[in-house]
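Student: Predicted model and sequence below, questions to follow.
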Amino acid sequence: MPGTWHAWDTETQGAQGVHTRLWLADVEATSWASVDYDGRQLSTFAVAQYGPRRLWDEVALAYEGYVAAGRPGVPRHRLRISPDGSGTRHHVTLS
């Protein structure tokens, strides 16, 4: 996801029932999302989002595209890096 960062929080003792938390945020610090894993089941997660970018919705959409493409492995992914005048753009495609 362009313009974002993520971090895993495995020290969530203060959060009741949370084993691991995934933090997502955009680099402009205007949007964030947190996803809580309880350490037991893999079908439902507590999600919170804030800001104009719905970051978890973007993740879900990207995952749906990955599944629709047949869950391609690493050999099918291609990465192109090019300057865009103010930095670097990364383009990921499937072959």
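Tutor: Sure, I can see it. Numbers count the residues shown, from 1 in each chain.

Student: Can you give me every residue that contacts the residue most central in space within the chain?
Tutor: Closest to where the C-alpha atoms of the chain average out (C-alpha atoms, centre = their mean) is V59, at 4.9 Å. Neighbouring residues of V59 by C-beta atoms under 8 Å, 6 or more residues apart in numbering: M1, L24, A33. Where C-beta positions appear, they are placed from N, C-alpha and C, glycine not excepted.

Student: Next one: it from V47, what distance?
Tutor: 10 Å (C-beta to C-beta, to the nearest Å).

Student: do H6 as well
Tutor: In terms of C-beta to C-beta, H6 sits 14 Å off from V47.

Student: The lowest-mean-pLDDT helix or strand in the chain pairs with which strands, parallel or anti?
Tutor: Every helix and strand in the chain was compared by mean pLDDT, DSSP states H and E; the lowest is strand 88-94, with a mean of 72. The pairing partners recorded for strand 88-94 under DSSP bridges are strand 77-83 (antiparallel).

Student: roughly how far out does the partner strand sit from the chain middle?
Tutor: 19 Å (C-alpha atoms, centre = their mean, to the nearest Å).

Student: What mean pLDDT does it get?
Tutor: The average of the pLDDT scores along strand 77-83 is 80.

Student: Measure how far stretch 55-73 is from the centre of its chain, please.
Tutor: Its chain's C-alpha centre and that of stretch 55-73 lie 10 Å apart, by C-alpha atoms, centre = their mean.
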